[in-house]
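> with the input below, show me the fold.
(one chain, ligands or ions: 1)
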Amino acid sequence: MVKISEIANDIGFSNKEVLEKAQELGLKVKTHSSSVSEEEAEGIYTYIQTGEISDVFKKKTSNKKETKKQDEPVAKQVKPKKASEKVEKSIEKSNKTQETKTEEKKIKVGDKKNDVKVSDKVPEKTTSDEEIKPKESLADVSLQKRRGLVIVKKKNSVDSSSRQKLSQKQSTPAINIPSLESMFSNLDENTGKKKKKEKKVSHTHKKSNAQKVDLLGAYDFKDIELEDENEVVLPDLTFKAPTPPPAQKPREHNFLRSTSGNSANSFIEGGIHRRSRKKHKKTENKQNNENVTSVNIPKEIRVYEFAEKLNKQASEIIGKLFMLGVMTTKNDFLDEDAIEILADEFNIEVNIIDTQEEFDYVKAYEDEQDDKNLTQRVPVITIMGHVDHGKTSLLDYIRSSRVASGEAGGITQHVGAYMVTKNDKKITFIDTPGHEAFTAMRARGAGVTDIVIIVVAADDGVKPQTKEAVAHAKAAGVPIIIAINKMDKEAANPEFVKTGLAELDIVPTEWGGSYEFVPISAKTGMGIDDLLEIVLLQAEILELKANAKTNAKATVVESSLQKGRGPVATVIVENGTLKVGDTIVAGVAYGRLRSLLDDQGKSLKEIKPGECGVIVGLSEVPEAGETLISVKSDKEAREYAHKKAEYLRQKELSRSTKVSIDELSAKIAEGELKTLPVIVKADVQGSLEAIKSSLEKLANDEIKVNIIHSGIGGITQSDIALAAASKNSVILGFNIRPTGEIKEKAKDSGCEIKTYNVIYNLIDDVKSLLGGLMSPVIREEQLGQAQVRQVINVPKIGAIAGCMVTDGTINRGAKIRLIRDGVVVYEGTVSSLKRFKDDVKEVAKGYECGVGIDGYNDIRENDYIESFKQIEEQASL
Ligand SMILES: Nc1nc2c(ncn2[C@@H]2O[C@H](COP(=O)(O)OP(=O)(O)OP(=O)(O)O)[C@@H](O)[C@H]2O)c(=O)[nH]1
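Next up is the predicted model:
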């Protein structure tokens with residue numbers, strides 16, 4: 001069964017749209033989670049894409065009538081009475097299925113029988129009950145494991161007599177089944193596997209008659225015969241689901257689809273489907289013992305690297321992929337689906353390794369830890385709040401009061417986190433106020449904060465960012481303490497703050513809620529001690545524990561490159577103790593902890609869980625949010641860091657092989673590209689054809705659009721894979737929208753999707769994109785004209801034309817044409833432009849001026865000087 005939502009997802013339509021279409025087809029589906037049979041799903045798919053109501057639905061109402069009307073022997077549904085009666089009875093017995101359904105099943109039984117006979121035009125009388133019985137069981141056996149039949153267009157139509165012969169021949173079960181079987185076994189490279197599967201299937205069949213009927217019903221070969229007489233139906237040896245083959249789709253298209261790994265498509269699409277790795281292994285072991293190869297392949301692998309692993313030529317891989325409709329170069333990355341398909345093709349067991357695991361030192365660290373030696377740790381606090389409500393002031397006050405208390409006199413610098421001591425207990429504050437930083441850290445998986453203090457100005461109340469802060473803290477599941485700040489102000493109204501927050505479900509304890517509200521003043525310091533005490537109390541309640549006796553795991557909260565020190569990072573220890581001399585790794589950075597400092601630059605020997613410090617000694621600047629661990633050896637640290645760096649490099653490379661539309665335009669403009677590969681997807685055939693022909697027309701001698709793939713329906717994973725594999729391509733969608741998942745995938749693979757709902761706009765966009773392919777057009781803009789009234793010959797300078805500007809302006813340095821009696825006698829530039837004795841840049845209409853022309857002296861009275869400028873423009877089609 002297939003859910004409406006799955007169909008929607010698959011074809012890129014909304015659930016609602018598909019639901020409506022399904023209802024239009026008479027299906028009793030109510031919500032997007034309602035299910036339909038695979039056959040019905042196929043029908044819905046066809047209906048949405050082409051507007052054609054498939055026979056599945058037609059049958060429901062008019063099947064009987066139609067078949068009776070048909071005088072010709074074409075596509076007769078042979079309905080062996082006994083069999084259908086049997087089915088009817090079984091269905092009636094088992095449940096109260098609606099009449100239409102029963103009818104459908106009857107038909108299916110009939111159809112199936114026909115199918116077994118190579119689904120050709122079989123006169124009704126040729127089928128007898130005796131023939132049906134053995135066929136039914138044997139055919140099940142062979143057809144269930146395979147999709148059944150595919151349609152191949154024939155050049156010459158099969159004449160009816162030969163067809164009849166064929167059908168008669170096939171109608172004899174003794175001959176028919178073995179021949180089909182032998183066809184399968186001859187053509188199927190994985191016979192062993194298939195046969196094994198067959199056995200299973202036949203076994204289940206024997207168990208339940210009802211099930212048998214159902215499965216048979218899935219083959220509706222009547223449709224096939226009605227479609228086109230020029231079609232031959234052949235067994236499709238590759239498809240596993242009992243789905244009727246879509247007659248419209250060429251086989252190649254299916255190959256393409258198959259690379260997508262879009263399993264949701266399996267009920268719609270025919271063609272090759274990748275076999276699971278499990279099954280594959282079986283085949284290998286059984287059949288190809290000598291050639292059994294097993295390779296470990298990283299997720300990110302290029303065609304040539306893959307070829308190397310398989311001990312094959314890259315061209316062989318490219319060729320195979322080409323056969324599957326995927327264009328690649330040897331430097332392109334293979335996606336997982338392609339790898340699996342290739343593995344199948346070459347009969348090689350491939351284990352795709354997640355290389356990320358290799359450098360997942362955090363996981364390795366976690367695996368080593370146990371619950372022993374857990375002791376209380378220092379709480380880590382983040383301060384959030386609306387702008388200007390006093391976050392920085394509060395942090396400053398806490399910090400300066402500590403400095404003032406005489407702890408140390410060093411220069412306090414911003415390092416991203418610091419510790420204060422209250423009642424002999426330490427508290428770590430993350431010194432990057434604001435929820436953006438908090439959430440950004442969280443997004444990187446760094447949930448270092450234990451408690452959030454939300455500062456609300458008593459004179460301002462709850463503001464948008466207060467609400468955001470509450471939402472972020474709640475989303476992180478972190479306890480919140482409210483600091484009502486600016487209590488020293490006259491306008492302070494703490495009750496107003498409480499009301500505002502109560503509306504956000506942050507109810508103060510005094511009102512029976514569970515949130516501590518502490519009135520403070522970051523200016524005078526009022527209430528800040530209370531606030532810190534409440535923080536410690538809250539921390540106690542939280543029972544923050546860690547094992548200080550193990551190697552350290554910490555989070556980088558800030559990092560930079562400092563002169564004389566190299567990469568430095570502020571870290572907060574989560575577990576273990578970080579000591580000077582430790583070997584550490586943080587992402588791509590690694591090294592030995594040379595020195596550990598506090599925020600005042602004072603040296604520390606070690607920092608314990610919850611505490612923070614500035615570390616020096618890393619090879620590179622780690623990213624904020626990165627997890628740091630101390631490891632046993634330099635080698636281990638280096639290996640982790642190098643593997644991660646390599647992984648990131650590969651990722652980067654993989655991305656850099658793809659281009660965004662902007663880069664594409666740039667490349668086009670630079671003349672790197674002379675064709676634009678596009679994938680076109682449209683809602684209906686008509687639009688698709690119109691777009692395709694318009695795009696084809698855009699081509700000229702210089703440039704062309706290369707439609708590498710086109711189809712009806714939403715953008716699928718396979719389209720993305722294809723676009724990703726085809727350098728510099730773009731996916732054009734008409735009246736379709738990519739789903740979130742597809743968008744995500746496109747983003748990941750660096751593919752550009754452009755969708756339109758006006759064909760003209762689509763064509764226009766492509767036109768402008770292609771415009772860059774052509775040489776730029778130089779346009780001329782007239783600036784002005786002047787009439788030569790007098791020519792003065794200045795020694796050493798040459799002829800100067802005394803002119804009257806008659807139109808526009810004459811500009812120094814601008815291009816000019818000298819026109820005499822309507823004929824251009826010279827083209828050059830204005831070398832000098834004067835009004836009286838002054839050099840000027842521009843002379844406007846109605847004024848007199850002296851014009852010198854660069855390198856030209858033969859100026860005569862009554863000549864005209866026309867000044868113009870040239871503008872280079874991108875050519876458009
Ligand atoms: N009277 C009074 N003014 C305060 C108090 N706390 C902060 N201010 C003032 O309020 C203004 C904003 O304070 P900040 O600490 O910069 O506020 P913030 O929330 O950090 O602001 P952003 O960093 O811009 O988000 C400053 O002019 C402070 O002097 C307080 O308790 N009383």
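
> quick one: classify residue 569 as helix, strand or coil.
strand (DSSP: H, G, I helix; E, B strand; the rest coil).

> from residue 624, how far out is it?
Going from residue 569 to residue 624 by C-beta to C-beta, to the nearest Å gives 8 Å. (Glycine included, C-beta is placed from N, CA and C.)

> ok, now residue 384?
Taking C-beta to C-beta, one finds residue 384 at 17 Å from residue 624.

> same check on residue 728?
35 Å.

> next one: residue 522
26 Å.

> of these two, who's got more company?
residue 522 (25 against 20; other C-beta atoms under 10 Å).

> which helix or strand in the protein has the lowest average pLDDT?
Of all helical and strand segments in the chain, the minimum by mean pLDDT, DSSP states H and E falls on helix 251-258, at a mean of 32.

> can you pull out the strands in the stretch 401-550 of the chain?
Along the stretch 401-550 of the chain, counting by DSSP state E, counting those that start in this stretch, strands occupy 417-422, 425-430, 451-457, 480-485, 516-519, 545-547.

> please disregard the earlier target; I meant the stretch 651-800 of the chain.
675-682, 704-712, 730-734, 752-756, 777-794, 798-811.

> quick one: which of those strands is nearest residue 471?
strand 752-756 (31.1 Å; C-beta to C-beta).

> what lies in contact with stretch 349-365?
For stretch 349-365, the surrounding residues in contact (C-beta atoms under 8 Å, 6 or more residues apart in numbering) are 277, 280-281, 284, 292-300, 336, 339-340, 342-343, 551, 553, 585, 627, 629, 631, 639-641, 643-644, 647.

> please verify my assumption that residue 783 contacts residue 807.
No - contact criterion C-beta atoms under 8 Å: residue 783 and residue 807 do not qualify, at 9.1 Å.

> next helix or strand past the particular helix or strand that has residue 343 in it?
Taking DSSP states H and E as the definition, one finds residue 343 inside helix 336-346. Beyond helix 336-346 on the C-terminal side, the first helix or strand identified by DSSP H and E is strand 349-353.

> quick one, the helix holding residue 343 and strand 349-353 angle?
Angular relation of helix 336-346 and strand 349-353 on a 0 to 180 degree scale: 160 degrees, by axes from the mean of the first three to the mean of the last three C-alpha atoms, to 10 degrees.

> rounded mean pLDDT for helix 336-346, please.
Average pLDDT, helix 336-346: 80.

> buried stuff in it?
Neighbour counts over helix 336-346 (16 or more other C-beta atoms under 10 Å) mark 337, 338, 339, 340, 341, 342, 343, 344, 345, 346 as buried.

> quickly note the distance from the fourth one to residue 334.
Using C-beta to C-beta, one gets 10 Å for the distance from residue 340 to residue 334.

> residue 805 too?
Applying C-beta to C-beta to residue 805 and residue 334 gives a distance of 68 Å.

> with residue 816 instead?
For residue 816 relative to residue 334 (C-beta to C-beta), the value is 61 Å.

> likewise residue 552?
Counting by C-beta to C-beta, the gap from residue 552 to residue 334 is 39 Å.

> do the same with residue 398
From residue 398 to residue 334 the distance is 55 Å (C-beta to C-beta).

> looking at whatever residue of the stretch 601-750 of the chain ends up closest to the ligand now. What's its pLDDT?
Going by C-beta to the nearest ligand atom, the ligand is nearest to residue 624 of the stretch 601-750 of the chain, at 18.6 Å. With respect to pLDDT, residue 624 scores 79.

> does it touch residue 559 like I think?
Yes - shown here, residue 624 and residue 559 form a contact pair, counting by C-beta under 8 Å, at 6.0 Å.

> name the residues linked to the closest residue in space to residue 494 that isn't next to it in sequence by a beta bridge.
Nearest non-adjacent residue to residue 494, counting by C-beta to C-beta, 6 or more residues apart in numbering: residue 484, 4.8 Å away. Residue 484 has the following beta-bridge partners by DSSP bridges: residue 456, residue 519.

> helices along the stretch 551-700 of the chain, start to end?
634-656, 661-669, 685-697 (DSSP state H, counting those that start in this stretch).

> who in this structure is up against the ligand?
Within the chain, the positions near the ligand by C-beta under 6 Å from any ligand atom are 385, 387-393, 433, 485-486, 488-489, 521-523.

> if you set the cut-off to 5 Å instead, what comes out?
387-393, 485-486, 488-489, 521-523 (C-beta under 5 Å from any ligand atom).

> distance of the residue in the stretch 201-350 of the chain that the ligand sits nearest to from residue 824?
The ligand sits closest to residue 300 of the stretch 201-350 of the chain, with a gap of 41.4 Å, by C-beta to the nearest ligand atom. Residue 300 sits 62 Å away from residue 824, going by C-beta to C-beta.

> and what of residue 52?
Distance of residue 52 to residue 824, given as C-beta to C-beta: 65 Å.

> returning to what we had before: between residue 300 and residue 824, which has more neighbouring residues?
residue 300 (19 against 11).

> pLDDT value on residue 852, please?
For residue 852, the model assigns a pLDDT of 91.

> got the contact list for residue 34?
Taking C-beta under 8 Å, 6+ apart as the test, what residue 34 contacts is 3, 4, 19, 28.

> for residue 486, same thing?
Residue 486 touches 389, 390, 457, 458, 459, 460, 492, 521, 522, 523, counting by C-beta under 8 Å, 6+ apart.

> what are the boundaries of the helices in the stretch 301-450 of the chain?
303-309, 314-323, 336-346, 355-358, 361-368, 391-404, 435-443.

> any idea which of these is most buried?
Highest mean neighbour count among the helices of the stretch 301-450 of the chain (mean count of other C-beta atoms under 10 Å): helix 336-346, with a mean of 21.

> phi, psi of residue 859?
Per-residue torsions, residue 859: phi -100, psi 140 (degrees, to the nearest 10).

> go ahead and confirm it touches residue 789.
No - Residue 859 is beyond contact range of residue 789, at 11.1 Å (criterion: C-beta under 8 Å).

> between the two, who's got more neighbours?
More neighbours surround residue 859 than the other of residue 859 and residue 789, with 25 against 13 (other C-beta under 10 Å).

> and the more buried one, how far from the ligand?
68 Å (C-beta to the nearest ligand atom, to the nearest Å).

> now do the contacts for that residue.
Shown in contact with residue 859 (C-beta under 8 Å, 6+ apart): 788, 791, 799, 801, 818, 853.
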